[in-house]
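Novice: Sequence plus predicted model, see below.
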Amino acid sequence: MIRVGIVGASGLAGGELIRLVSQHPELELTFLGGDSSAGRRPAELHPGLRLDLGLTVEPVTADRVAEKCDVVFLATPAPVSARLAAELADRVPCVTDLSGAFRIRTPELHRRWYAKAERATELADRFVYGVPELVGDQLVDAALISVPGCYATAITLGLAPLTLGLGLHLRTVVVDGKSGSSGGGLQLRVPDLHPLRNGAIAPYAPTGHRHAAEVGDFLRRSKPGSVGSLAMSAYGVSHVRGLLASSYVYTDDPVDQRTLQRAYFRFYKEHPFVRVRRHDETLIPVPDPQAVLGSNYCDVTAMHDPDGGRIVVLAALDNLVKGAAGQAVQAVNKRFRLPEETGLTMQPVMPA
């Protein structure tokens, strides 16, 4: 069995990691780390997890984690992850970080969006950007993995068949993102209180989002294809889980609906967690976040809009599973040469 530690066990992503790891046939949960929750059991922190794992949350020390773990998940804020990764690198066989501390490779861009997450450039350069569908071979035996953000995962999986598959130059990409309240974690903020959040469509990042910077940084380093300007507006909506990223793509390269459909099916043919869908294939228009909740799927649709001179790419996922904990486990499966879907075959829950 592969021994697993989770640091940040009291948060939403930490709870999802506990849920997934505890039912994984090849992973054994051996360490739970945290500060404010030290001494507490998982069932006290996460009402849905009435599990007797024989573990309580412990203070985090590099010696203790190195002793107990073959892989450690850091479900911690970016500044904390930056510090812990520096302490644990080369002491734990695999460090997998769910924060933004190591997602953006370009130092100047990282400092703009994650100014408080100070890191060594040499350490950042060692991290593999963990989108298993796009960098699978790089994850095998990787010592350091940076799990993409939830929006970034949806946007990147939506655009990759255009750039990496068809080799298109995307002159302009405009992203409209809508996410539930769990995307903000468990921090208490006035705009997230129920009287203000319920029924809201809150434009919390109307002129830019760090996940768009992350997508641009990754795709501009990937070939073939290229991305010019990439802008994003993000909105909080009143449901709890799930997000929809709508990307409006403008390119001067010739393309039609048949080419798009074939390219997307071909690109994701061998990747079980990306479901290429027709917009009208089922009872409700898809992709829709409610059709992926609780699962590790990302549903993707690409449509040609000849009147608007654009390609419309829609991608939906559960931000706590494929957008966080599920993708982290998927990356670790690849790292340890396990079948990619091991422990992640749960189907969506709908209605939820």
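Specialist: Looks like it came in fine. Residues are numbered from 1 along each chain as shown.
Novice: Mind checking what secondary structure the most far-flung residue of the chain relative to its centre has?
Specialist: For the chain, the residue at maximal distance from the C-alpha centroid (Cα atoms, centre = their mean) is Asp307, at 33.1 Å. Classification of Asp307 using DSSP: H, G, I helix; E, B strand; the rest coil returns coil.
Novice: if I pick it, what's in contact with it?
Specialist: Listed by Cβ atoms under 8 Å, 6 or more residues apart in numbering, Asp307 has no contact partners. C-betas here are computed from N, CA, C, even on glycine.
Novice: can you give me the strands for the stretch 251-352 of the chain?
Specialist: 274-276, 298-305, 310-317 (DSSP state E, counting those that start in this stretch).
Novice: if you compare these, which one is most tucked away?
Specialist: strand 310-317 (a mean of 25; mean count of other Cβ atoms under 10 Å).
Novice: now that strand: how far from the chain's centre is it?
Specialist: The chain centre lies 17 Å from the centre of strand 310-317; the measure is Cα atoms, centre = their mean, to the nearest Å.
Novice: Listing partners with orientation, what would you give for it?
Specialist: strand 243-251 (antiparallel), strand 298-305 (antiparallel) (DSSP bridges).
Novice: I'd like those strands laid out as a markdown table, including mean pLDDT and distance to Arg19.
Specialist: Formatted as a markdown table, the strands paired with strand 310-317 follow (pLDDT from 0 to 100; distance: least, Cβ to Cβ, whole Å):
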| stretch | mean pLDDT | distance to Arg19 |
| --- | --- | --- |
| strand 243-251 | 98 | 19 |
| strand 298-305 | 98 | 19 |
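Novice: got those as TSV, with distance to Ala234 columns?
Specialist: Output for the strands paired with strand 310-317, formatted as TSV (distance: least, Cβ to Cβ, whole Å):
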stretch	distance to Ala234
strand 243-251	9
strand 298-305	18
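Novice: Need the per-residue pLDDT for the residue farthest from the centre of the chain.
Specialist: Here, the pLDDT recorded for Asp307 equals 96.
Novice: circling back: let me know which of the strands paired with strand 310-317 is the nearest to Asn319.
Specialist: Smallest distance to Asn319 across the strands paired with strand 310-317 (Cβ to Cβ): 5.0 Å, for strand 243-251.
Novice: Using PDB, list the CA coordinates for that closest one.
Specialist: The C-alpha coordinates for strand 243-251 follow below in PDB (Å, rounded to 0.1, in the frame of the first residue of the first chain):
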ATOM      1  CA  LEU A 243     -18.600  25.300 -11.900                       C
ATOM      2  CA  LEU A 244     -19.100  26.100 -15.600                       C
ATOM      3  CA  ALA A 245     -16.400  27.800 -17.700                       C
ATOM      4  CA  SER A 246     -17.600  29.300 -21.000                       C
ATOM      5  CA  SER A 247     -14.800  30.200 -23.300                       C
ATOM      6  CA  TYR A 248     -15.500  32.400 -26.300                       C
ATOM      7  CA  VAL A 249     -12.600  31.800 -28.800                       C
ATOM      8  CA  TYR A 250     -11.700  34.000 -31.800                       C
ATOM      9  CA  THR A 251      -9.300  32.600 -34.400                       C
END
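Novice: And it, what's buried?
Specialist: 243-249, 251 (16 or more other Cβ atoms under 10 Å).
Novice: Closest one of those residues to Gly216?
Specialist: Ser247 (12.1 Å).
Novice: Tell me which residues touch that closest one, please.
Specialist: With Cβ under 8 Å, 6+ apart, Ser247 has these contacts: 155, 158-159, 173-176, 312-315.
Novice: can those go into a markdown table with extra columns for distance to Ile145 and pLDDT?
Specialist: Listed next are the contacts of Ser247 as a markdown table, based on distance: Cβ to Cβ, whole Å; pLDDT from 0 to 100:
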| residue | distance to Ile145 | pLDDT |
| --- | --- | --- |
| Ile155 | 19 | 98 |
| Gly158 | 22 | 98 |
| Leu159 | 21 | 98 |
| Val173 | 26 | 98 |
| Val174 | 30 | 98 |
| Val175 | 25 | 98 |
| Asp176 | 29 | 98 |
| Val312 | 32 | 98 |
| Val313 | 26 | 98 |
| Leu314 | 27 | 98 |
| Ala315 | 22 | 98 |
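Novice: Which parts of the protein are helices?
Specialist: 12-22, 42-45, 62-68, 78-88, 107-113, 121-124, 132-139, 150-160, 194-197, 210-219, 257-267, 326-335 (DSSP state H).
Novice: Helix 210-219 and the fourth one, what's the angle between them?
Specialist: Inter-element angle recorded for helix 78-88 and helix 210-219: 40 degrees (by axes from the mean of the first three to the mean of the last three Cα atoms, to 10 degrees).
Novice: Show residues contacting helix 78-88.
Specialist: 7-8, 60, 62, 65-66, 72, 74, 76, 95, 97-102, 114, 116-120, 123, 144.
Novice: Just the buried residues of the lowest-mean-pLDDT helix or strand in the chain, please?
Specialist: Lowest mean confidence among the helices and strands of the chain (mean pLDDT, DSSP states H and E): helix 194-197, at a mean of 78. Buried residues in helix 194-197, defined by neighbour count with 16+ other Cβ under 10 Å: Arg197.
Novice: Check stretch 84-96 too.
Specialist: Within stretch 84-96, the residues that qualify as buried are 84-89, 92-96, counting by 16+ other Cβ under 10 Å.
Novice: and if you look at stretch 1-11?
Specialist: 2-11.
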